[in-house]
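Visitor: predicted coordinates and the sequence they were generated for:
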Amino acid sequence: MTVPKGALGECLGASGALQAAALLAAMEAGELPGVAGFDAAPPGFPLWSISNATTPLDLAVGLVDGVGLDGPCCSLLLGRS
């Protein structure tokens with residue numbers, strides 16, 4: 001799991017497109033980018049895979065989730081053949 005908004009900031013209407021582009025770039029590069037600004041997890045943090053380091057990973061499928069401040073929710077599943 002990674003969070004592009006940590007590096008890209010809040011882009012409002014362009015957030016989903018930028019996150020999809022970041023996912024495609026990660027799939028092409030074969031690595032999952034780290035979460036910018038994430039230094040260490042507090043005790044009991046449930047997401048063990050989050051790190052600020054880049055992780056080599058063969059990504060065949062990826063999920064982009066978007067939740068707007070005013071209520072809309074959307075998910076996009078991308079895969080490569």
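Guide: Structure received. In this text the structure is predicted, and so the values were computed from the model without any measurement. Numbers count the residues shown, from 1 in each chain.

Visitor: which residues touch the helix or strand bottoming out on mean pLDDT in the chain?
Guide: Across the helices and strands of the chain, the lowest-confidence element by mean pLDDT, DSSP states H and E is helix 5-8, at a mean of 76. Residues from elsewhere that reach helix 5-8 (Cβ atoms under 8 Å, 6 or more residues apart in numbering): 11, 15, 18, 19, 22, 33, 35, 36, 37, 38. In short, each C-beta sits where N, CA and C put it, glycine included.

Visitor: of those residues, buried ones?
Guide: When neighbours are counted using 16 or more other Cβ atoms under 10 Å, those contain these buried positions: 15, 18, 19, 22, 33, 35.

Visitor: what is the lowest-pLDDT residue among the residues you listed?
Guide: Looking at pLDDT alone, the buried ones among the contacts of helix 5-8 dip lowest at residue 15, where the score is 82.

Visitor: I'd say it and residue 66 touch.
Guide: Yes. A contact is recorded between residue 15 and residue 66 when judged using Cβ atoms under 8 Å, the distance being 6.5 Å.

Visitor: pull up the overlap in contacts between the two.
Guide: A shared contact of residue 15 and residue 66, defined by Cβ under 8 Å, 6+ apart, is any residue touching both; here there are none.

Visitor: just the strands in the protein please.
Guide: Residue ranges of the strands in the chain, as given by DSSP state E, are 31-32, 55-56, 61-67, 73-79.
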